[in-house]
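> my questions concern the predicted model and sequence given below.
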Amino acid sequence: MADESSMGSTSQAALLLKKQLAELNKNPVEGFSAGLIDDNDIFKWEVLIIGPADTLYEGGFFKCHLIFPKEYPLRPPKLKVITDIWHPNIDSKGDVCISILHEPGDDRWGYEKASERWLPVHTVETILVSVISMLADPNDESPANVDAAKEWRDNYPEFKKKVAKCVRKSQEDLL
């Protein structure tokens, strides 16, 4: 049996997530749509990120799962891209590596300031807007996919070709 405090934080997290989902449904944000994977689990969301205009990802439809911890908003969710994607900040398993999704506090390797990492003020909207921005402007200094980062730097035409293939496949998968 869970103790009172963990039950309280779980229900607070659930209430906050319900509120954020209702807000996104009422006022959709350009560039993505979000909903629940399973209507009975507020902690597991499915997100569709639309490749931003004027980027290599333009026209792509990237399905993701956004999984929230029971301690949300004190701890960050995990974002996994389900659709094939080639990007320096998304590893081969689809896990998105972006500062605001890293655990709060100081970075033990010294790459990120605490202010760049997870803060409880972040919402689904701020997370996804940051991810969309990351698609347009990869951080090759701290890559999750070293091969994609190296190719982005050293063989951009080949990088572009791989991304175009992912975009085409994402369009076909949506049909």
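Ah, there it is. Residues are numbered from 1 along each chain as shown.

> which secondary structure element is home to Leu16?
Assigned by DSSP states H and E, Leu16 belongs to helix 4-26.

> just checking, next helix/strand downstream of that helix?
Under the assignment DSSP H and E, the closest C-terminal helix or strand after helix 4-26 is strand 32-36.

> rewinding a little: list the helices and strands the helix holding Leu16 packs on?
Packed against helix 4-26, as judged by 3 or more CB pairs under 8 Å, 6 or more residues apart in numbering; DSSP states H and E, are the following elements: strand 32-36, helix 124-136. C-beta here means a position set from N, CA and C on the backbone, and glycine is covered the same way.

> let me have these in a markdown table, adding mean neighbour count as columns.
Listed next are these as a markdown table, based on neighbours: other CB atoms under 10 Å:
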| stretch | mean neighbour count |
| --- | --- |
| strand 32-36 | 16 |
| helix 124-136 | 18 |
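
> in contact with the nearest residue to Ile50 once chain neighbours are set aside, which residues?
Nearest non-adjacent residue to Ile50, counting by CB to CB, 6 or more residues apart in numbering: Gly31, 5.6 Å away. Neighbouring residues of Gly31 by CB atoms under 8 Å, 6 or more residues apart in numbering: Ile49, Ile50, Pro52, Leu128, Val129, Ile132.
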